[in-house]
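>>> turn this into a structure:
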Amino acid sequence: MRIADFKASLARATPASDLAPPLAALWWAAKGDWDAAHKLVQDEDTGEAWVHAYLHRVEGDLGNAGYWYRRAAKPAAKDSLEAEWERIVSAFIEGGKA
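Next up, the predicted model:
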């Protein structure tokens, strides 16, 4: 799945069933359903803590974002949230996880 395809899927009522949980979480977040987004990546054992951190960061909840970034062992991005979102989606697409 390409980034353009992922962005096009945002117009659908539900995400494509083949989306990996982190991409599906970003889809729900883009649609404004933060509860659904968090539920997909809230398990600390899934290895998707960095996506959960990103969701908190977008919401302005920096305390929880910091916690989840530390759990993921990834530093907080210093550039824009849009660039970070593009990087997350690209990483999953290029890694064959989408």
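>>> what's the helix or strand residue 39 falls within in contact with?
Assigned by DSSP states H and E, residue 39 belongs to helix 34-41. Residues from elsewhere that reach helix 34-41, judged by CB atoms under 8 Å, 6 or more residues apart in numbering: 21-22, 24-29, 48-49, 51-52, 55, 59. Just so you know, the C-beta spots here come from the backbone N, C-alpha and C atoms, and that holds for glycine as well.
>>> list buried residues within the residues you listed.
Buried members of these, counted by 16 or more other CB atoms under 10 Å: 21-22, 24-29, 48-49, 51-52, 55.
>>> those residues in helices, which ones?
Among these, the members found in helices (DSSP state H) are 21-22, 24-29, 49, 51-52, 55.
>>> among the residues you listed, which two are most distant?
Farthest pair in these (CB to CB) is 27 and 49. Separation: 18.4 Å.
>>> in the protein, where is pLDDT below threshold?
Applying pLDDT under 70 to the chain flags residues 1-3, 6-7, 9-12, 16, 44-47, 74-82, 92-98.
>>> what about residue 63, neighbour count?
Counted by other CB atoms under 10 Å, the residues lying close to residue 63 total 7.
>>> and residue 5, by the same measure?
Neighbourhood size, residue 5 [other CB under 10 Å]: 11.
>>> now do the SS call for it.
Following DSSP: H, G, I helix; E, B strand; the rest coil, residue 5 is assigned to helix.
>>> for it, give its distance to residue 49.
For residue 5, the distance to residue 49 (CB to CB, to the nearest Å) stands at 26 Å.
>>> again, but for residue 21
12 Å.
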